[in-house]
Each structure stands twice: as C-alpha cells, then as structure tokens.
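**Q** Sequence first, then the predicted structure:
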Amino acid sequence: MRYQDVYDEWKADPEAFWMQAAEAIDWFRPPSRALFDEKAPIYEWFSDGLVNTCWNAVDRHVEAGRGEQIAIYHDSPITNATKGITFAELQRRVATLAGALRAKGIEKGDRVIIYMPMIPQAIEAMLACTRLGAIHSVVFGGFAAHELAVRIDDAQPRAIIAASAGLEPGRVVHYKPLLDKAIDLASHKPDFCVIFQREEEVAQLIEGRDFNWYGFQYGIEPVDCVPVEGNHPAYILYTSGTTGQPKGVVRGTAGHLVALAWSMKNIYRIEAGDRFWAASDVGWVVGHSYICYGPLIVGAQTVVFEGKPVGTPHAGVFWRTIQNNRIKSFFTAPTAIRAIRREDPDGEYIRRYKLHDLQALFLAGERADPDTIEWAQKHLGVPVIDHWWQTETGWAIAANPLGIEELPIKLGSPTVAMPGYDIQVLDEGGEPVPAGTLGAIAIKLPLPPGTLQTLWNAEDRFRSSYLSRFPGYYETGDAGYLDEDGYLYVMARTDDVINVAGHRLSTGAMEEVLSRHPDVAECAVIGVADDLKGQSPLGFVCLKKGVTSTPEQVAGEVVRMVREAIGPVAAFRRVLVVDRLPKTRSGKILRATMTSIADGKDYRMPATIDDPAVLDEIGQALSGARGA
C-alpha cells in the first residue's frame, strides 16, 4: 500500500485501523474496542484490555527464541566502555530488579523517580517499573536540586532510583548531592533510594534510606510481569510549563505500545533483529519512545550512548558508532548535526567510516533547516528525514513514512500527517486558513494512541493548556502552514511568530535564509520590542570554524539575503555574531529567554539549560551592540 492509501484507510475507519494495529502487541486480555470516548474531550485507548509493557519489550522476544540476540548495546566514548546485553540477560536483570522493588513494597500504581545518566541500568529501571505496573518518572540526570524537588512533590514517588554520577567530557557531574538536597527541599519524602555506584564516583549512602544497586538485589527472586489495564499510566514525563510549574505528561500503557510498534515499522522501517539508534537521553521523550521502548517492543537492538556529537573525542564519533553497530536507522536532533558540521564542514570524518547499513537519518527536536539537511544528504548519501512531534504526542505527528513509501522530500517540511493525526492550520478565530497561509497548527480530536491522556493530577490544566483555545482540537503551540500537497511546514512556536508593523512573520523563515550563508553554522532569530513597529527581528549567527570573512562582513551579507528573500517588510537590519547559542540539554534554542534578555525583562533561568554562562555571553553581545 502507498502512504495515501494507509492514511485514507485510517480516516475511513479509525476504530478498525487501530484494532488491527493492536494485533502487533501481546495481550493478557485483548481490548473490546480501540477508542473510549465517554469522557470526551478526554480520550483513552484500549482501556479494557490487559497488557504489560515489559512483557512486550523483553519477555516475548525470549519466548520467541531470540533470547541470545543483542537487545541493548552500551557505547560510552567517555569511559571507553562497550557492552552488549542480550534479551535473555535483560530479562534476568529486569525481573530481579523488579523483585527487589516489590520486596520493598513497590506495587502497581506506585510512582518511582529515575535519575540516571545514559547507562543500561537506566533502561533496566524503566522496564522494572513497567514490569510491576509501577509508574516511572525519569528526570534528566544532573537536573538542579530545586527542579528535582518540584517533580518529587508532584509525582510523590515511593522510591527514587539514581546513579552516583554522570559523566561529561572532562568532568564528573555529582548526582547524589543533588538528590540529597532535592529530598531535603521536597515536602514529600520517598521511602527509599537505590543508588548505582559508578567507578568514577562512589557516593555516600544514608543508612536506612539508601541502598546500593547490587546489594539491593542480592538474593532476590525474579518476578513475572503484572497485567495492567490499557489506560493504566506507563509513565509520567515532565515538560516545562510557561508558569514555571512543570507539566506531567501521562502516557497510557496500551496506546503507547500500539503506537510505538506501528511507528517503528512504518516510519523508521525497523523490525525484529534490526539495529536502531536514537542519539538522545532517557530524560527526554525521544529516550522514552525510541531508546527504551520503541526498538525493544519490535525486537530491535537499541543503542545507549554516553557521549556528545563533538568532543568525545571528535566530530566523527556518531559515524564510528553507526559503523561499529551497523545501524540501519539513525535518529538525532538537528542541533547535533549542526555541531558536527561546524567542526567538520567538509565531512571528512564521515568518509573515514563505512556506513553501508545506514538507510536513513531522521531528525527531530527542533526545526531542521534546509541547509543542514542538504549537508547531511550530500555527505551521507541517504535520505535525511525531518519529522515533527512533541513530548505530549510521544511519536511523530508528521513524518515521511519510510516503511510504507518514501515520499519526495521537500526541504523545510517534516512531510505529511501520520495516521491518527488530522492536522489543521487555524486562524485566531479557529477557522482553517487556505494552503500556504501561516497560522496556528492544531490537531482535530481525538488524538491517536500513544499521545498524552492527561496531565498528572492536573486535568483542568490539561484542558486549559491544550484543549480550550480551539474547541474540538488539540493546540500544538506551533505555527506554520500546509502546502497544496498536504506537506506541513512548522515555522516557529506560536510565541515566536512576530508582528512587524502589522505583518505576521515567521522567525523560522528568516532563520532558513541565514542558514544558507556558507559561513553560518547555527543561527536564531527573535522578535524584540520596537517602539515604532511593535516588534523587529534580531538575528544571531555562529560561524563555522576556519572562515576567513569578518563577522561584520557575514552580518552585512545575511541582512541582504533576508531582505532579498523575504523583502523589506521583514525590516531585518540587525545581526549579532556570537560564539554560542543558549540551548536546552536536548538541543532546543532558548529563543524566549533570549527575547527577555534583549527586551531588558526579568527572566527565570530555564531548568533545562545546558550552560547558563551562554546567557551572560548573549547579554554582553547585546550590550555591546547597544553601545555601538
């Protein structure tokens, strides 16, 4: 079947489509139907089925005779450690850890916070929770104590599973002191903590509360998987909220399993025995969906990578990992490719490695500019596929479904809507706009399986954040347009669409032009307050290594490029050349924070910021520009 046939089949009979997709999953009791809409606009999927995530990700592959195949490959260029873990070994580890948790009182419905770096034990902890029906909440390792405390108070975990430390190039990040301080700050106190001690940092344990990972499991009998209802939460994942209070996205178990199984085969073209790598972190949604669960659910090998795209030790480490693991589909963020390109603009490292098994590079996390896609296409020689989704959705809203049909790539577009997603572009009044017109991207309800059911202990906030602005739709918070062929273009967060003298303009469109300059490695455009025009655009660019042009020359040239491509209406006159852009640990550029700095407003330090010092650098650059 072709993509359009599959999408039309879903649209004609969504119930039959998802019930058929559910056949890819093992059930203790099959569901009687797919959609449960009695509480609309709050929807659930496969609610009366009984299922277990860990069984589908681990045990069934052992039962099928594939126990000696590699499930997880750990690659740490920081410690130079590499290790493969088979499905059978993973089953033994997870079942024993689950047994130890049960022996300490953890049962179905209890919450467990996981605070770990990119090591296999993080995946084992997640799977052990789902084995018992406990609800895990992974918090990015190294998160500040205050932010961890906020999540402890919201999730109220009975236990916390942590590592003693995380490793960054040239430094050790001390997790245990952060954990201890967070527990001190939190009103809620966990019953106990389990600490995985790393060789690089042996943490001091608090007697009676803290247990060593191995001692905790000594002499424990493995336990079986616990069947849970289809609507039982698999996990809570916190995403930043505009109020400073994080939002706990709740993922229902059965819909999560069905959607990820469908996406692995139909989007990424990955099935049992294939090798898949998502270069992300288990603290983010990509790590949940496509490091831990998605690959394992279909019986593929997944890679747990502890490193960076550059500096561990060089800009070729991704390609070395792809070669050594014979990766078939690779998934990373555009910012990682831009970092590599900045260090290796001619792709010399790519040519050093044999990438014969690689069939495609998938990009997501923030908008993939055409220049980055073209660079990767040129040097990798495989399709480079931008696809778009959110923490809330858990899997792709729009993508190029490689496992169904490789559609023509249009630079700047994550291609087309996936089954389950009826994407509409709306004006301020909630009415659809013509093709090619910029507007708010919304999805007609119900959302498909695998998307958020609600927010943890905050259903009213779920309604107000996502469902109230456009009744009958889920508000994505992104702005863009659909073209005549149904291809989606995500141009900016809704907040990043700027109004220049009455003209609504996309900062993403301007960034697209800036990125075309041969000397520009990365860029960002924000809207700053303007007494005359309301807002005016301000550009930031980082230069590639080894460029001979002066910053002033590059700035002048990109200003001319934007004025030629978009026109004088953009009023694009100012560009600052900086060494770095402020980003989250997952690679998203902190445009809203940059705007606050530029406008002289107070701002809250983002909890997910990778390096707070970059904000000082941006402030100095802005001060210098004002002085000039």
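**A** Okay, I see it. Worth saying up front: this structure is predicted, and the values here are computed from it rather than measured.
**Q** can we go C-alpha only for contacts and neighbour counts from here?
**A** Noted.
**Q** three-state assignment of F330?
**A** Of the three states, F330 takes strand according to DSSP: H, G, I helix; E, B strand; the rest coil.
**Q** Please report the distance of it from I123.
**A** Counting by Cα to Cα, to the nearest Å, the gap from F330 to I123 is 19 Å.
**Q** Same question for Q553.
**A** 49 Å.
**Q** Which one of these two is surrounded by more residues?
**A** When Q553 and I123 are compared for neighbours, I123 comes out ahead with 22 against 10, by other Cα atoms under 10 Å.
**Q** Distance-wise, check the more buried one relative to I106.
**A** Distance from I123 to I106, by Cα to Cα: 18 Å.
**Q** just checking, what's the longest helix in the protein?
**A** The longest helix of the chain (DSSP state H) is helix 87-103.
**Q** Can you give the strand pairings for the helix or strand following that helix, parallel or anti for each?
**A** Sequence order places strand 111-115 as the next helix or strand after helix 87-103, per DSSP states H and E. Partner strands for strand 111-115, per DSSP bridges, with pairing direction: strand 135-138 (parallel), strand 159-163 (parallel).
**Q** just the strands in the stretch 301-450 of the chain please.
**A** 301-305, 329-332, 360-363, 384-386, 398-399, 416-417, 423-426, 439-444 (DSSP state E, counting those that start in this stretch).
**Q** Can you add mean pLDDT and give these back as JSON lines?
**A** Below are the strands of the stretch 301-450 of the chain laid out as JSON lines (pLDDT from 0 to 100):
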{"stretch": "strand 301-305", "mean pLDDT": "98"}
{"stretch": "strand 329-332", "mean pLDDT": "98"}
{"stretch": "strand 360-363", "mean pLDDT": "98"}
{"stretch": "strand 384-386", "mean pLDDT": "96"}
{"stretch": "strand 398-399", "mean pLDDT": "98"}
{"stretch": "strand 416-417", "mean pLDDT": "98"}
{"stretch": "strand 423-426", "mean pLDDT": "97"}
{"stretch": "strand 439-444", "mean pLDDT": "96"}
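**Q** Tell me which of the strands paired with strand 111-115 is the most buried.
**A** Of the strands paired with strand 111-115, the one with the most neighbours on average (mean count of other Cα atoms under 10 Å) is strand 135-138, at a mean of 28.
**Q** residues making contact with that one?
**A** 108-116, 126, 129-130, 155, 233-238, 282-283 (Cα atoms under 8 Å, 6 or more residues apart in numbering).
**Q** 6 Å instead?
**A** G109, D110, R111, V112, I113, I114, A234, Y235, I236, L237, G283 (Cα atoms under 6 Å, 6 or more residues apart in numbering).
**Q** after that strand, next one along is what?
**A** Criterion used, DSSP H and E; the element after strand 135-138 is helix 145-155.
**Q** what's that following helix packed up against?
**A** Counting by 3 or more Cα pairs under 6 Å, 6 or more residues apart in numbering; DSSP states H and E, the packing neighbours recorded for helix 145-155 are helix 175-185.
**Q** switch the cut-off to 10 Å
**A** strand 111-115, strand 135-138, helix 175-185, strand 233-239, strand 247-252 (3 or more Cα pairs under 10 Å, 6 or more residues apart in numbering; DSSP states H and E).
**Q** could you point out which element follows the last one?
**A** Read it as strand 247-252. helix 253-266.
**Q** What pairs with the next helix or strand after that following helix, parallel or antiparallel?
**A** Using DSSP H and E, the helix or strand that directly follows helix 253-266 along the chain is strand 275-278. Counting by DSSP bridges, the strands paired with strand 275-278 are strand 301-305 (parallel), strand 329-332 (parallel).
**Q** List the contacts of the last one.
**A** This points to strand 329-332. 268-270, 274-280, 286, 290-291, 309, 318, 322, 357-365, 384-386, 586 (Cα atoms under 10 Å, 6 or more residues apart in numbering).
**Q** Please repeat the previous calculation with a cut-off of 8 Å.
**A** Against strand 329-332 from outside (Cα under 8 Å, 6+ apart): 268-270, 275-280, 322, 358-364.
**Q** again, but for stretch 211-222
**A** Applying Cα under 8 Å, 6+ apart, the set of residues contacting stretch 211-222 from outside is 92, 95-100, 192-197, 205.
**Q** Could you work out the most separated pair of those?
**A** R92 and L205 (26.1 Å; Cα to Cα).
**Q** And the pLDDT for the closest residue to P551 other than its chain neighbours?
**A** Among residues not flanking P551 along the chain, V577 sits closest, at 6.1 Å (Cα to Cα, 6 or more residues apart in numbering). V577 carries a pLDDT value of 95.
**Q** which phi and psi does V577 have?
**A** Backbone dihedrals for V577, given as degrees, to the nearest 10, come out at phi -90, psi 120.
**Q** and it, how many neighbours?
**A** If we define neighbours as other Cα under 10 Å, then V577 has 19 of them.
**Q** contacting residues around it?
**A** V577 touches F540, V541, C542, L543, P551, A555, counting by Cα under 8 Å, 6+ apart.
**Q** Let's have those in CSV, adding distance to G84 and neighbour count.
**A** Shown next, in CSV, are the contacts of V577 (distance: Cα to Cα, whole Å; neighbours: other Cα atoms under 10 Å):
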residue, distance to G84, neighbour count
F540, 43, 22
V541, 41, 26
C542, 38, 20
L543, 39, 22
P551, 47, 18
A555, 48, 22
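**Q** Name the nearest of those residues relative to H61.
**A** Among the contacts of V577, and counting by Cα to Cα, the member closest to H61 is C542, at 46.9 Å.
**Q** pretty sure that closest one contacts P518?
**A** No: with contact defined as Cα atoms under 8 Å, C542 does not count as touching P518 (11.5 Å).
**Q** hmm, back to that, who wins for proximity to L411 among the strands paired with strand 111-115?
**A** Nearest to L411, of those and by Cα to Cα, is strand 135-138 at 34.1 Å.
**Q** Without its sequence neighbours, what residue ends up closest to L576?
**A** The shortest distance from L576 to any non-neighbouring residue, by Cα to Cα, 6+ apart, is to F540 (4.8 Å).
**Q** looking at this, the one you found is in a strand?
**A** Yes: counting by three-state DSSP, one finds F540 located in a strand.
**Q** which ones are touching it?
**A** C523, A524, V525, V575, L576, V577, V578, L581.
**Q** a strand runs through the last one, doesn't it?
**A** Right, L581. No: counting by three-state DSSP, L581 is located in no strand; its state is coil.
**Q** can you give me phi and psi for it?
**A** According to degrees, to the nearest 10, L581 has phi -110, psi 140.
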